[in-house]
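Colleague: Let me see the structure of the following:
(one chain, ligands or ions: 4)
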Amino acid sequence: MASPYAKELHVAQLAVQRATLLTKKVFHDKAKGTASKDDKSPVTIGDFGAQALIVQAIKKNFPDDEVVGEEEAATLRENDDLRSQIWDQVKVARLEDDAAEKELGGPIQTVEDMLSAIDAGNSAGGAKGRIWALDPIDGTKGFLRGGQYAVCLALMVDGEVKVGVLGCPNLPVDDSLSLSAEDGKDQTDDAGKGVIFSAVAGKGATGRPLSRGALQPGHPISMKPVTDITQATFCESVEAGHSSHDEQSQIAQRLGITKPSVRMDSQAKYGSIARGAGDLYLRLPVKKDYQEKIWDHAAGDLVVREAGGQVTDANGLRLDFSKGRTLRDNKGVVAAPKAIHGQVLDAVMAVLGAK
Ligand SMILES: Nc1ncnc2c1ncn2[C@@H]1O[C@H](COP(=O)(O)O)[C@@H](OP(=O)(O)O)[C@H]1O
Ligand SMILES: [Mg+2]
Ligand SMILES: [Mg+2]
Ligand SMILES: [Mg+2]
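Modeller: Ligands and ions are numbered 1, 2, ... in the order given. Next up, the predicted model:
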């Protein structure tokens, strides 16, 4: 019997790869063309272009599936200049392998097709059926700074994540390099960089180098066993507005961790701990009422769990992707190897309870 979700996985990996290459080109062409969204967060040509390419590939292969995508095309329909800059990138985006490109359904044909593809990411999400969660550029602020970012795609079936893919163009290809503070910073030198992580529920997690054509061979990845938690490396957001650096540092202290945190944008944090380059990922809310978005976590959650990790919120609950576009019932994220997750969670609760 063929592996479960084999076609979904292959299409998702190729689609993420093609979109990741677009974002790299946008960066190198210095064509980032930023706009500001209603919540004042940035969105670039790369975000819109990557969403268009990925949704088009999903719709060609799985026409009945829905997509919860971060971006929408409303501003582009009014902004001729931004729209044509995105189109200039999207119309030439293709994999250097005919069979792979054909599998994705080929290039997008018209500007209107591009806009409709972006807008097709408007699913409300939920607990029924096949729904993809798409973050075309996660860590847009990292992308703009030349730091880490990730192109993230996950398939949920009846509210459970079944397939997850992360394209991380600025992470080192080599799994054996331990994370250092520098990995979160400027990554404008391309040498030895670019990884795709993927996972299928119950089938483990995989890493492979990013390529320009067909997929490179993959290899299994797993979290590093932590024998002495005081030596653990913990990751957190660069942006102090996205998670509480202060509480995270208190948690680390409580665990006896002395190494400074590795600050890194995007779901590259999930990928990094899943391959054993780091150990823990803490994301405690800054604002009580902020609801995490499903596209910021769906792929990373599966990649880490399939690599031997446990991912919960700050109350120890599994992330619940079935509640719509946000993780309405969760607060924060705590990701760690299964064997020490309980210990980390105790420290999280002690610090939060002491407030
Ligand atoms: N107040 C907040 N709390 C938590 N996450 C937030 C936030 N404001 C924005 N974000 C999310 O944080 C994501 C980036 O995470 P990180 O800090 O790990 O790089 C953003 O994704 P995008 O960059 O896709 O918009 C955005 O969705
Ligand atoms: Mg955003
Ligand atoms: Mg995001
Ligand atoms: Mg994004």
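Colleague: where does the chain have low pLDDT?
Modeller: 1, 355 (pLDDT under 70).
Colleague: of all of it, which residue lies closest to ligand 1?
Modeller: residue 237 (3.1 Å; C-beta to the nearest ligand atom). Bear in mind the C-beta positions are built from the backbone N, C-alpha and C, glycine included.
Colleague: Burial check on that residue, number of neighbours?
Modeller: 25 (other C-beta atoms under 10 Å).
Colleague: how about residue 295, secondary structure?
Modeller: Classification of residue 295 by DSSP: H, G, I helix; E, B strand; the rest coil places it in helix.
Colleague: oh, I was asking about residue 68
Modeller: Residue 68 ends up strand, using three-state DSSP.
Colleague: is it true that residue 49 touches residue 93?
Modeller: Yes - counting by C-beta atoms under 8 Å, residue 93 is a contact partner of residue 49 at 7.0 Å.
Colleague: Could you name every residue contacting both of these two?
Modeller: With contacts taken as C-beta atoms under 8 Å, 6 or more residues apart in numbering, the residues that reach both residue 49 and residue 93 are 19, 22.
Colleague: what about these two, which has more around it?
Modeller: For residue 49 versus residue 93, neighbours defined as other C-beta under 10 Å are more numerous around residue 49 (30 against 20).
Colleague: Okay, buried residues for stretch 32-42 please.
Modeller: Using 16 or more other C-beta atoms under 10 Å as the test for burial, stretch 32-42 gives 32-33.
Colleague: Give me the residues contacting it.
Modeller: Residues outside stretch 32-42 that contact it (C-beta under 8 Å, 6+ apart) are 26, 43-46, 75, 79, 82, 85-86, 140-141, 143-144.
Colleague: Now with 7 Å, please.
Modeller: 26, 43-46, 75, 82, 85, 140-141, 144 (C-beta atoms under 7 Å, 6 or more residues apart in numbering).
Colleague: out of the residues you listed, what pair is the most spread apart?
Modeller: Within those, 85 and 141 form the most distant pair, 20.0 Å apart (C-beta to C-beta).
Colleague: between those two, who's got more neighbours?
Modeller: residue 85 (21 against 18).
Colleague: Would you mind listing what in the stretch 1-150 of the chain touches ligand 4?
Modeller: Contacts of the stretch 1-150 of the chain with ligand 4, taken as C-beta under 5 Å from the ion, map to 70, 135, 137-138.
Colleague: Helix, strand or coil: sort out the closest residue to residue 94 other than its chain neighbours for me.
Modeller: Residue nearest to residue 94 in three dimensions, not counting chain neighbours: residue 101, with 5.1 Å by C-beta to C-beta, 6 or more residues apart in numbering. Here residue 101 is recorded as helix under three-state DSSP.
Colleague: All the strands of this protein, residue numbers only.
Modeller: Taking DSSP state E as the test, the strands found in the chain are 35-36, 42-43, 66-69, 130-138, 150-157, 160-172, 193-200, 205-209, 219-221, 234-236, 262-263, 280-283, 309-312, 333-337.
Colleague: Format those as a markdown table; extra columns: distance to ligand 2.
Modeller: Listed next are the strands of the chain as a markdown table, based on distance: least, C-beta to the ion, whole Å:
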| stretch | distance to ligand 2 |
| --- | --- |
| strand 35-36 | 11 |
| strand 42-43 | 6 |
| strand 66-69 | 11 |
| strand 130-138 | 7 |
| strand 150-157 | 11 |
| strand 160-172 | 16 |
| strand 193-200 | 20 |
| strand 205-209 | 25 |
| strand 219-221 | 27 |
| strand 234-236 | 18 |
| strand 262-263 | 18 |
| strand 280-283 | 15 |
| strand 309-312 | 21 |
| strand 333-337 | 17 |
